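Student: What follows is a predicted protein model with its sequence.
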Amino acid sequence: MPPTPAVLPTLAALARPTAYAINWTPLFAGGTVGLLLVTVSAVLPVVLSLADLTTLLRFAMVAGALGAAFLLDDPAAYGTEVVPTGRPLRWLLRVLVALPGLVIWWAALVAVTVRGAEAGVGQALPVADLTVEAAAIVALAVGLAALARRRGGTGGTGVGGVGGVGSVVAGPGLLVGLVTLYLLPARLVFFVEPDDPRWGPAHDRWAALLVVALVCLAWAAREPVRRFGPALARRISG
């Protein structure tokens with residue numbers, strides 16, 4: 001559902017301060033590594049197969065997704081939890097601010113890969129399906145960061161002392177999750193080559209993973225329900 005008219009002015013007013021609050025360094029670093037991977041292969045005098053190009057793009061996706069895992073990091077989360085703007089809107093705005101850059105980055109990856117491919121191999125690249133993969137992997141990284149933020153609390157305590165920094169869980173969690181997907185049995189395979197007959201079913205699973213990651217992100221962004229702790233309950237009863 002699109003944002004209501006009352007929300008749109010709030011989004012516009014908060015866009016600039018949100019952009020300043022985001023730690024862009026990991027995202028730029030991950031994006032740069034991804035671009036370097038495809039650029040080096042494009043300028044070298046080697047002929048890469050369609051499967052090779054697909055693998056390069058997948059490594060580039062992971063590099064960018066590791067950078068995106070830092071999008072929700074907010075070391076000042078303990079203070080921002082009491083501002084009038086709720087957590088769902090703050091997190092949505094972080095994603096929306098970064099989204100245009102991620103789209104441009106992915107378009108650049110694909111353009112460099114296609115133009116640098118020899119013998120017209122790049123023209124056969126299944127860009128739409130690979131875009132679904134990229135979106136799913138980035139959404140998985142951000143979703144894991146959101147879950148870590150929610151589970152870890154806001155003030156620097158919780159699981160692993162996560163607090164407002166969910167990337168400390170999301171980065172390793174993303175790598176573990178992708179390795180797990182890679183090791184799945186053949187009937188549940190995710191990573192296949194473009195000429196593999198399992199390509200279509202595999203990308204149905206990628207699309208489902210994208211939906212699951214977005215649902216997890218939306219669930220984790222809900223405002224936490226405040227409950228009375230045991231000490232406060234005893235104080236009230238006493």
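Tutor: Everything's here; your move. Numbers count the residues shown, from 1 in each chain.

Student: Look up how far Pro45 lies from the residue nearest the centre of the chain.
Tutor: Geometric centre of the chain, nearest residue: Val138, 2.7 Å, by CA atoms, centre = their mean. As judged by CB to CB, to the nearest Å, Val138 and Pro45 stand 32 Å apart. For the C-beta atoms, the positions are set from N, CA and C on the backbone; glycine is no exception.

Student: For the helix or strand containing Pro88, give the mean pLDDT please.
Tutor: Per DSSP states H and E, Pro88 falls inside helix 87-116. Mean per-residue pLDDT for helix 87-116: 90.

Student: what about the chain, any weak spots by pLDDT?
Tutor: 1-13, 76-85, 152-164, 224-238 (pLDDT under 70).

Student: what are the ranges of the helices in it?
Tutor: 7-21, 24-43, 50-68, 77-80, 87-116, 127-152, 167-182, 199-220, 230-237 (DSSP state H).

Student: List the buried residues of the third one.
Tutor: Read it as helix 50-68. 50, 53-54, 56-58, 60-68 (16 or more other CB atoms under 10 Å).

Student: burial measure for the closest residue to Met61 other than its chain neighbours, as a count.
Tutor: Counting by CB to CB, 6 or more residues apart in numbering, the nearest residue to Met61 once its immediate chain neighbours are dropped is Ala134, at 4.6 Å. For Ala134, the count of nearby residues is 25 (other CB atoms under 10 Å).

Student: just checking, Ala134 touches Trp106?
Tutor: Yes. Counting by CB atoms under 8 Å, Ala134 touches Trp106, with 5.7 Å between them.

Student: list the residues that contact both of these two?
Tutor: Gly64 (CB atoms under 8 Å, 6 or more residues apart in numbering).

Student: Which residue, other than its chain neighbours, is closest to Thr54?
Tutor: Per CB to CB, 6+ apart, closest to Thr54 is Pro194, 5.9 Å.

Student: and Gly116, how many residues sit next to it?
Tutor: If we define neighbours as other CB under 10 Å, then Gly116 has 19 of them.

Student: what's the answer for Arg87, then?
Tutor: By the measure other CB under 10 Å, the count of residues near Arg87 is 21.

Student: and if you look at Arg149?
Tutor: Counted with other CB under 10 Å, the neighbours of Arg149 add up to 27.

Student: From Arg87, how far off is Asp129?
Tutor: 33 Å.

Student: For Val189, which of the helices of the chain is the nearest?
Tutor: Closest of these to Val189 is helix 199-220, at 5.7 Å (criterion: CB to CB).

Student: need the contact list for the nearest residue to Gly116 once chain neighbours are set aside.
Tutor: Nearest residue to Gly116 in three dimensions, chain neighbours excluded: Ala42, at 2.2 Å (CB to CB, 6+ apart). The contact partners of Ala42, by CB under 8 Å, 6+ apart, come to Val112, Thr113, Arg115, Gly116, Ala117.

Student: could these go into a markdown table alongside distance to Val142?
Tutor: Below are these laid out as a markdown table (distance: CB to CB, whole Å):
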| residue | distance to Val142 |
| --- | --- |
| Val112 | 24 |
| Thr113 | 24 |
| Arg115 | 29 |
| Gly116 | 29 |
| Ala117 | 30 |
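
Student: Just the buried ones from the residues you listed?
Tutor: Val112, Thr113, Gly116, Ala117.

Student: Make a markdown table out of the residues you listed and add distance to Ala208.
Tutor: Shown next, in a markdown table, are the buried ones among the contacts of Ala42 (distance: CB to CB, whole Å):
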| residue | distance to Ala208 |
| --- | --- |
| Val112 | 29 |
| Thr113 | 26 |
| Gly116 | 32 |
| Ala117 | 30 |
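
Student: farthest pair in the residues you listed?
Tutor: Val112 and Ala117 (9.6 Å).
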